[in-house]
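1. Kindly generate the corresponding structure for this input.
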Amino acid sequence: MSVVPRLVKRALGIMDLAIRNRPGVIGYRLSAANDLNTAFSAPTDFLTVRSGDVFSSPTVQRNRAYRNDGSNRDLTRLWLDINDYANATIPGDTDILYLRLTEQTSAGFLDYGPIFVIPPPDFFETGRRTLVLTGTAPDLASRGNNLPPENAMRIYLPKFAEELRVYNENAAGGDDLYFSLGIGLVEMRVPADKARIYAESGANEILLRGSGGAVPFTISAGIVNGIQA
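-> Below is the predicted model of the structure:
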């Protein structure tokens, strides 16, 4: 089972993340990148925390910029100003961030969790926004029964997507793109230079792979942030 944080709040200088603790997990390592492909293959490690901690990054501590008085029982909470960790491979607060968590047990660190997409702070200022993602799906075989492989490019959206458009960027005649909306859900095929559009998808998870070669793709997701008049 892979761990994915929940984005409680996104504002200028603040990423408020909550992680549901699992038995046997003693800590977490956070890694990030400024694009999907790097996040999938070689994200940059930038922080390790203990399970159950309420952690604030240096700028948040110094400015006392944020606090949450709710219960943190069975949770690990992270209040981050990502500018504290920005470098050539980790973007600053104004850009989209691709985050991965790794659980730590007494035996060491487990495999990377899915890629969690965190938009810039102004993204959630309206009730509906379109999130665009570009990357290259790895060339992998199906797990069988038309199910995605465990090592597919696995992406979690910050909130549910109302409409989803998945486009295979290959030129006509190129390799197929396969995607699924859950690790246990059947894959759908997108031929080269074609798109699939799903209204009211209700998706927050997307798994992608190429067939016959790595496949470039573009996804546009209509993110639902709340009710808008």
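
2. May I ask which helix or strand of the chain has the lowest mean pLDDT?
-> Lowest on mean pLDDT, DSSP states H and E among the helices and strands of the chain sits helix 58-63, with a mean of 90.

3. Now the element after that helix, going C-ward?
-> Scanning forward in sequence from helix 58-63 by DSSP states H and E, the next helix or strand is strand 75-80.

4. if we look at that next one, which residues are touching it?
-> 5, 14-21, 28, 30, 47, 49-57, 60, 66, 68 (CB atoms under 8 Å, 6 or more residues apart in numbering). In this view, the C-beta of every residue, glycine as well, is placed from N, C-alpha and C.

5. Residue 138 contacts residue 209, doesn't it?
-> Yes: checked against CB atoms under 8 Å, the pair residue 138 and residue 209 is within contact range at 6.0 Å.

6. circling back to that earlier point, could you list which of the contacts of strand 75-80 belong to strands?
-> When DSSP state E is applied, the contacts of strand 75-80 are split such that 14-20, 28, 30, 47, 49-50, 54-56 fall in strands.

7. What residues sit buried inside the longest strand seen in the chain?
-> Longest strand of the chain, by residue count under DSSP E: strand 153-168. Neighbour counts over strand 153-168 (16 or more other CB atoms under 10 Å) mark 153-159, 161-168 as buried.

8. Those residues: which two are farthest apart?
-> Maximum pairwise distance in the buried residues of strand 153-168, criterion CB to CB, is 25.1 Å, between 159 and 168.

9. Point out where the chain drops to low pLDDT.
-> Counting by pLDDT under 70, the chain contains low-confidence residues at 1, 65-70, 226-229.

10. quick one, helices of it?
-> For the chain, the helices defined by DSSP state H cover 36-41, 58-63.

11. And the spatially most central residue of the chain, how far from residue 215?
-> The chain has residue 116 as the residue nearest its centroid, 1.4 Å off, counting by CA atoms, centre = their mean. Per CB to CB, to the nearest Å, residue 116 is found 22 Å from residue 215.

12. before we move on, what about residue 92?
-> Taken as CB to CB, the span from residue 92 to residue 215 is 30 Å.

13. Looking at these two, which has the bigger crowd around it?
-> residue 215 (25 against 15; other CB atoms under 10 Å).

14. which residue lies farthest from the center of the chain?
-> Here the chain reaches farthest from its C-alpha mean at residue 173, the gap being 30.4 Å by CA atoms, centre = their mean.

15. hang on, that residue packs against residue 194?
-> No: using CB under 8 Å, residue 173 is not in contact with residue 194, being 11.4 Å away.

16. what residues go with each domain of the chain?
-> For the chain, the domain assignment from automatic domain parsing gives the residue ranges 6-123, 126-224.

17. Run the chain-centre distance for the last one.
-> In this case it means domain 126-224. Here domain 126-224 is found 13 Å from its chain centre; the criterion is CA atoms, centre = their mean, to the nearest Å.

18. Great, nothing more from me.
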